[in-house]
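[1] Predicted model, plus sequence, below.
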Amino acid sequence: MKAADLRDLTVEELAAKLKEMSEELFNLKFQHQMNQLDNTARLGQVKKDIARLKTVLREKTGRVW
């Protein structure tokens, strides 16, 4: 996910995407704890995507999440 693509989305779409990515991160962490996660690199990717989402949201709204 690229920041340039995220900047084209509305604030509502960004917030929905942030919620979706947060849920995915929770599920990945749970799978990792249960030794069921095959691709551990996905944890880092999701964390970076969440950071990008928060950055773009802050640029658009001026609020801190």
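    Thanks, I have it. As the structure is a prediction and not an experimental result, all values here were calculated from the model.
[2] so Thr55 touches Leu14, yeah?
    No - assessed by Cβ atoms under 8 Å, Thr55 is found out of contact with Leu14, at 10.3 Å. (C-beta placed from N, C-alpha, C; glycine too.)
[3] Would you mind telling me which of the two has more residues around it?
    Relative neighbour count places Leu14 above the other of Thr55 and Leu14, with 19 against 14, counting by other Cβ atoms under 10 Å.
[4] And that one, how close does it get to Asp8?
    10 Å (Cβ to Cβ, to the nearest Å).
[5] and what of Ala16?
    In terms of Cβ to Cβ, Ala16 sits 15 Å off from Asp8.
[6] Neighbour count for these two, which is higher?
    Using other Cβ under 10 Å, the more surrounded residue of Ala16 and Asp8 is Ala16, with 12 against 8.
[7] Name the residues of stretch 51-65 that are buried.
    52-53, 56-57 (16 or more other Cβ atoms under 10 Å).
[8] next one: stretch 12-19
    Buried residues in stretch 12-19 (16+ other Cβ under 10 Å): 14, 17-18.
[9] Quick one: mean pLDDT over the helix or strand where Arg58 lies.
    Element membership for Arg58, per DSSP states H and E: helix 41-61. Mean per-residue pLDDT for helix 41-61: 95.
[10] residues in contact with it?
    Contacts to helix 41-61, defined as Cβ atoms under 8 Å, 6 or more residues apart in numbering, come from residues 1-3, 6-7, 9, 11, 14-15, 17-18, 21-22, 24-25, 28-29, 32, 37, 63-65.
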